[in-house]
Structures are given as structure tokens and as C-alpha cells.
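Q: Sequence below, structure please.
(2 chains)
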Amino acid sequence: MRTSNPKIDAFQEQILSAAKNNTSISIEGGGTKSWYGNANAYTKLDTRSYSGILEYEPEELVITACAGTPLKEIEAALEEKNQVLAFEPPNFGEHATFGGAIAAGLAGPGRISVGNFRDFVLGARILNGKGQDLSFGGKVMKNVAGYDVSRLLPGSMGTLSLLLEASVKVLPKPAATATLQCQISQEKALRILNEWAGQPLPLSASCWIGSANSDGQLTIRLAGAAAAVKAAIPLMSSLVNASELDPSSAALFWNDLREQKLSVFENLAADQTLYRLALPAACGPLLIPGAANEVILEWHGQQRWIKAPGDESTFAAIKQLATSHGGHATRFRQGVHVDPSHQRFTSLSEQAHSNALVAVQERLRFAFDPAGVFATKRLP
Amino acid sequence: MNAMNMVTPPPDLAAISALQSKLVSALRPILPEHALLWEPEDTIPYECDGLAAYKRMPLAVALPETESQVAQILKICFDMQIPVVPRGSGTGLSGGAMPISQGLVLSLAKLKKIVSIDPFTRTAVVQPGVRNLAISEAVAHLGLYYAPDPSSQIACSIGGNVNENSGGVHCLKYGLTLHNVLRVRGVLMNGEIIEFGSLAPDSPGLDLLAIVMGSEGMLAVVTEVTVKLVAKPKLARVIMASFDDIEKGGNAVAAIIAAGIIPAGLEMMDKATTRAVEEFVHAGYDLDAMAILLCESDGTPEEVAEEIERMTKVLEQSGASGIRISKDESERLKFWSGRKNAFPAAGRLAPDYYCMDGTIPRRHIATLLKRIAGMEEKYGLGCLNVFHAGDGNMHPLILFNGADQEEWHRAEEFGTEILEACVELGGTITGEHGVGIEKINSMCVQFGEGERESFWGVKGAFDPEKLLNPDKAIPTLNRCAEYGRMRISGGKLPHPELDRF
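A: Have a look, this model is predicted:
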């Protein structure tokens, strides 16, 4: 037990009391992603009391902050020094916290070119299920001392430990950006995006919106040295007959995509679910029976969003389709009439070669949390 | 480094020999004759890895040629409760592949096929014994390469890279092994096949791929790796800047990053190193400079021109006393030749050198260098400082004469003090070489009891019987307690006859 910080002591007390009473705790920050993952009704642990940026040295490219710090506060501090969280984690609301963003592990448009949240986590301080105050990793880019426990936290949905603090790598804002838009079929879009990604071009993000059997709208973002972006614009536009978006519409587009505020994400019908498919780069256009015509492709087709009925058999069919292509599917958002008790994720046993993972994951969770304080099953 | 065996208590030879026969007869049916070694003259090349000061003879060495053989070997050892030390090319610098006296060395060197290359998805599937550089060579005609480039890349294997989370000169911009591997297939100690990660951008459940990276052969034996390939930059140029003061050089590193530039490489050498390498490579280094910085830019010609101009400006403002920019590829390689030959150059200055691998926040580079200068006095040994300045990863090379046991102990003490200074400055005891057997005591300094207990928990999740490379990387409670007592008694070691890794 490291310090006598009253806020951490209170967390510790809540953890120990849950362990004693054989119950679990649902960790929550600003509640902006409370709909994400399997539902549970356990008592909440609110992280927002433990808030603040602890250390930010722009020339070290690292920010260290408490889990309850508003994500907006972190983004504002970085903005001031012309730096960013390059993987663009979505806020999904005013009150998103740093810890919540890490626990959700989600990333925005930049993910395809820079990596995901876990690629940027350098260190973490946690309370495990025994209430022990532990620190892993550090604040430096290269560190191979001990197992990389801090990188297990992104996407763990609060099922492993309580995150107290994290150190995350930041990057300078690209010197220049440009956004191009064109009409193109999904198949052609997937082909050219993957081709471009294999060339020394400053391709930073992509989004294709349309229906499977007609042309859709492809938007691409270039980012890098001013000269590189300038040289790439005519080269890439001419191949797909694209035009450049003005900077403010472009910024709005990418932000709305990241925050799922584009009109195509809205108006989810009461009995519908917004499914997320994570797929290998080789996966071509998919036809999903019963799904709405329109699909949204991000990350050069590796992340796809579709609206379809929220029932179990539709999810089973979508999961089957995704796993048969080497990926997986998630029930991301659900309409108000969809049963909230549905399992939201593809389970490990539904994936090829992952049977051995089930036991490993179970023992790993037990090592950090023997009493099951964080065993909310929010992430199975 | 010259060999120097650590003194170990006399083993029970009869018991070891009985265990050896048992193991060999169990493995014989599943391996071809040439793939199983147990005679001392055959196993002696496996007694150590790249850290030759730590060596031991194993019971036997198995060299499987298929994943199925790997699984069978592990299952047999699991059933016999015999520990297994996986080994790649044996280039590791922390003794992570040092054998266990009553254990098996499992060499993956014969699993060396490039299984497939897919230019469209920019991925390659390779077996663990494939050499790092062989991947880049195999995809060069496609305009692609595998980015992580540890200095041993000619020899080191991808399986070893995964287990050490290897970096290299270009990892500031292109990331570590962790950032360039999508999927790892392997075998658990009990013989079960397991896959971490996938070709999709994420996978269900906890992200176990992240924890397997850099796990020093303690969680699973890697049998196949899917790596990311990236587009080869069209051009690279390097700036060589001299500084008349170490502090100015250190500040210049921070200033480049603060200016929003991520160079493809950002390396620093101190004066002692520059002098040593110049004699060796004749690259035209400024011999009066207290520090030399190498800053590389890569990309399209337009991009490189722009970045070189911006970096030059920052270096000038940071007080560089001299700046040269490579005019062509041959000059670029010449500028780099000294940095790349720092190790052999050190080998010319003294019979042996001991390479350290701490990482510190960039802003403390000058502080640490000054402290190391003080330690040179204290221990009466010289030290060359070369490092990946961009990410604060230092490689002090302590010069000593290995024929003199007392001098080697001083070198070790010197190294340990450097690592403790790294931890104190907010850094870590190893940036890229791993803990292995060499830095296992320093783990007691960097981590508390709770953290170390958690590491054992992680280990147990993959290998509940603790048979896979169990004496590496994570110290036991007893070892740390013993180490604490040794440190207190200061300098001289109480029991020189005991293992003291």
C-alpha cells in the first residue's frame, strides 16, 4: 500500500468490502460509455473523485493522469502544446474520462495508421482485487522490465483491476493534413485503400459510406509533412477522381465519424442494433442478410458498422460471418426495445484456436482479482 | 565478452545423469537423431547466449522441425516436470536463454520458413527461427520491409524478437516489435496450441498478445508470427551534429521532439565513443565534440527535404558547434558506421565490455551521463556511452578485463549502479535487452513485492507449474530478500561461491 491518499483509500475500502461480501463492483467514470459491453447491476465505483493531470512534459511525449480526469481536459492540455492522442479515442459525450476511455479501449479514425490504445499505454497504477496499490510499466517509450501488465488494461472494461493512473504516449500534431472525397464502389475502395497503405503515402484515415451494390462516398485523410501531403493530393485524387474538402468541413467530418455523430449513425430503430465488425484487411465486401443497406467502413475496411435487427439469430449470423473471415463482431449500440441482457461480444470459444485462451484468461483474472470484485462479465 | 563461468555449488552428478537418460529416451521417439543433443561436445554451444558471462550446461538440447514436435516435447517435459528454456538465435544480451542445469534447451532455430507473404494486406507469416533481416530481404522487391531493426538483425530471430519486444534504431518512429506484430501462435507448457491476436484490428477478450510480447520465453513457446510490413521510404538522409557540451546535446534531443518532429532515428555518442569509433571506421567524426547527434529523416524526397530543414534549424538553435548533412546514401551509411560499430570499437579498447540497457526520460540524459562519469572514477573503469537518444534508451559500455575476476565484479557493480540511477531518474533497468538472468536482482529495485507477486500470477496463468524458463526475468521473494541483504553489506559480496545473478 503505497500512499495514504484518502481518495485511493476510499476506493480500496470499497474493493475490500466487496471482496468480503462476495459481490462485484462496476467501475464507472463519466458514464458516457455505460451502454457498451454486457449489462450488469452491480454497485458502481465512481472514479471521478480521482482526477487531474499528474505530469505532462511535451518533449517527453508522455502524459500521466488520474483515471477520473475528463478526457476533454487532457485533450485541451495536449492541444496547447500542439500534441494529440493520435489514435483519437471517442468521447461519446461531454463527461468522458481518461480511465473510461482506456477501459473501453476504443479508437477513432487514426487507429489504422498509428495503432490502438494499448500501443500507446506506457504504464499504469492500479488497485487489484485485493486492494493492493501496484504500478507497472513507466513513463518511457522502451521498457521491457517485467510483463507488460499496463497494456492489458485497454479494452478490459474494468474486469481486471481498478485503473488509478496511466501514462500514455502522445504525438505531435501532423504538420499538415488534407481530406479528399469521391464516389466509388465498396470493392474498389477496399482495393485502392490497401494498395495505398502499402506505398509510402501519408494516408492517415479512411471512411467509406454506402450500400453494398452501388457507389458510395469515400473520404480519406492525409497527414504528415506539408510537402508529403501536398505531393500526394494530386497523385491520389487523380486515381479516384476526388476533390479536396475545405479544412473546417474536413475537421467536422472526422470528428463526427469519431464520435459517431454522422447522420448515418443516428436514428437507430427501437428493435435494431448497431453492430461492429472487426475484420482482417483481406476481407472484401460482405453481404449481411437482414441488415440495412447502408454500411460504414473505417480503417480501410477493418472496422465496419451495420444496422440490423437486434435479435439473437441475426447476431449469430453476423458473428458467424465475421469469424469465418478471421474477425469478430460486437453488438455495439442497441435500440431501446432490444433486450439489454443480450451478450454483446463474440466469445473466445467462438473464435478459432482460442480454446486454450479461455483457461489462461480465467487464471489471469484470478491472479489479479481472486475474489471476483471486478468480475462483472461486462467483458466476458 | 570473454567467458567467465559463474561459480555454482557442485551438482549431484549421478542424479543429473539419470534424469538426462530418462529425458533423452522420452524424446528420442519423436525427434530425428540429429535433432536431439546431449553429449557435452554437442551441447556446449548452447551453454550461454549473447551474454557469455553467464553459462550452464543443460541436460539436453532439442531442435524440433515442426510445431507438432514442439508440442510433443513440451508435453513430455510437462509430464516429467522438467523445465524448458526456449532459444532463438542465442543473440540475447541478458542471458534469457541461459540453460537450466536440470532442464532442456528447446531451440527453435530449425523452424525457419517464411510461410507466406501477402503484399495486399502488408503481412507475412513466418516461423520463429526466421532471422529479422531475412523478412525485410524477402519482401524488398515489393517495396515493403519489417520495421523493427535491432542491431543484431542479421542474426536474431523473429521468435526472439517477440520474446524480448525488441526495438532498434528506428523504433522511435516505427515502434517496437509489439507495434509490428499482429498475431502470435505458440504452444503452452502443457503442449496446448494457442493463438494470441489475429489479423483483425482487435480480438475478443483481454488483449493477451500485449503481455506475450517481451515475456522472455516464460509464457509460451512461439511457433508462428504474423508480422506487419510497411512501405519502404523512398529516401533517407541523416544530419550529424556536434556539441561542445553534453548538456546542450541532451537538450537538442528534447528540442527536436518539442518542435513536433519524430525523426526516423535519433542517436547520440559521447566523446570517448566518437574517438574509439573514429579510429575504427574513419567516418570523419568531430573528435573535439563532447557529444555527437545523428538525426535521420526518411520518407518521400519532399518530406525529407522539409524535415531536414526543420531539424537543422532546431539543432542550430540548440547550439550545435557543427552540422553536416549526408549528401547521398554512401555518406549516410558512413555517418552511421560509427554508431553501428560502437560495440566492436569498444572491444578494441579493452579485453571485455559490459553493455547496459537502461532507459530514462529524455530530459535526464545529461544528468545520467554526469553520474556515469563519476562512477568511472569510483570503480576505476572506463565507459563509452552510445544511446538511442530519441527514446532515452542508453547503452553504456563498461570496459574491463575479464581475466581479472575482481575487475569483472567491479564492472557488475558499476552496471548495477547505473541501472539504479535509471530507476531513480524515473526510468527502467532495461529498454530492449530484457531482464533475463542478468538483471534479475535489479528487478527487486524497480518493483515492489506486490508487483513481483502479480508477475508470478501472470506467469502462473500461462504456465501454472512454472516450468517454462522459470529462473528468468522475475525474481522470487527469497532472491530479493537475499539481494537486499547483499546490498546492505555494500560492495563486497558475502558469499562469492554462490550463484549471484
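
Q: What residue in chain B comes nearest to chain A?
A: Nearest residue of chain B to chain A (CB to the nearest CB) works out as residue B:457 at 2.8 Å. Every residue, glycine included, has its C-beta placed from N, CA and C.

Q: surely that residue meets residue A:370?
A: No. Using CB atoms under 8 Å, residue B:457 is not in contact with residue A:370; the gap is 9.2 Å.

Q: Between these two, point out the one with more neighbours.
A: residue B:457 (19 against 13; other CB atoms under 10 Å in any protein chain shown).

Q: Could you tell me the end-to-end distance of stretch B:377-393?
A: Taking CA to CA, to the nearest Å, the first and last residues of stretch B:377-393 lie 23 Å apart.

Q: Quick one: distance of that stretch to the chain centre.
A: Distance, stretch centre to chain centre, for stretch B:377-393: 16 Å (CA atoms, centre = their mean, to the nearest Å).

Q: Mind listing what's buried along that stretch?
A: For stretch B:377-393, burial by neighbour count (16 or more other CB atoms under 10 Å in any protein chain shown) applies to B:379, B:381-393.

Q: For the residue of chain B closest to chain A, pull up the helix or strand it's in.
A: Applying DSSP states H and E as the criterion places residue B:457 in helix B:449-462.

Q: thinking again about what came up before, look up the closest residue to the residue of chain B closest to chain A, ignoring the ones flanking it.
A: residue A:367 (2.8 Å; CB to CB, 6 or more residues apart in numbering or on different chains).

Q: In a helix, the one you found, correct?
A: Yes. Per DSSP: H, G, I helix; E, B strand; the rest coil, residue A:367 lies within a helix segment.

Q: mind checking how far it is from residue B:447?
A: As defined by CB to CB, to the nearest Å, residue A:367 lies at a distance of 15 Å from residue B:447.

Q: tell me the contacts of the closest residue to residue B:129 other than its chain neighbours?
A: Leaving aside its chain neighbours, residue B:129 sits nearest to residue B:112 (3.7 Å; criterion: CB to CB, 6+ apart). Going by CB atoms under 8 Å, 6 or more residues apart in numbering or on different chains, residue B:112 touches B:127, B:129, B:130, B:131, B:157.

Q: How many residues are close by the second one?
A: Spelled out, it's residue B:129. As a burial measure, residue B:129 scores 24 neighbours (other CB under 10 Å).

Q: does it really touch residue B:115, like I thought?
A: No. Counting by CB under 8 Å, residue B:129 sits too far from residue B:115 to count as a contact (11.9 Å).

Q: Assess the claim that residue A:283 and residue A:301 are in contact.
A: Yes. Counting by CB under 8 Å, residue A:283 does reach residue A:301; the two are 6.5 Å apart.

Q: Could I get the pLDDT score of residue B:493?
A: For residue B:493, the pLDDT comes out at 42.

Q: now the one 5 residues further on
A: At residue B:498, the pLDDT value in this model is 37.

Q: what separates residue B:70 from residue A:311, distance-wise?
A: Applying CB to CB, the value for residue B:70 to residue A:311 is 44 Å.

Q: Which one of those two is surrounded by more residues?
A: residue B:70 (24 against 15).

Q: Name the nearest residue to residue B:248, ignoring sequence neighbours.
A: Spatially, and ignoring its direct neighbours in sequence, residue B:248 is nearest to residue B:319 (4.6 Å; CB to CB, 6+ apart).

Q: what about the one you found, how many neighbours?
A: For residue B:319, the neighbour count with other CB under 10 Å is 16.

Q: which SS state does it fall under?
A: On the three-state scheme (three-state DSSP), residue B:319 is labelled coil.

Q: ok so, going back, mind checking which of residue A:367 and residue B:447 has more residues around it?
A: residue B:447 (23 against 20).

Q: Look at the nearest residue to the more buried one once chain neighbours are set aside and report its pLDDT.
A: Nearest residue to residue B:447, sequence neighbours excluded (CB to CB, 6+ apart): residue A:146, at 6.1 Å. On the pLDDT scale, residue A:146 is placed at 92.
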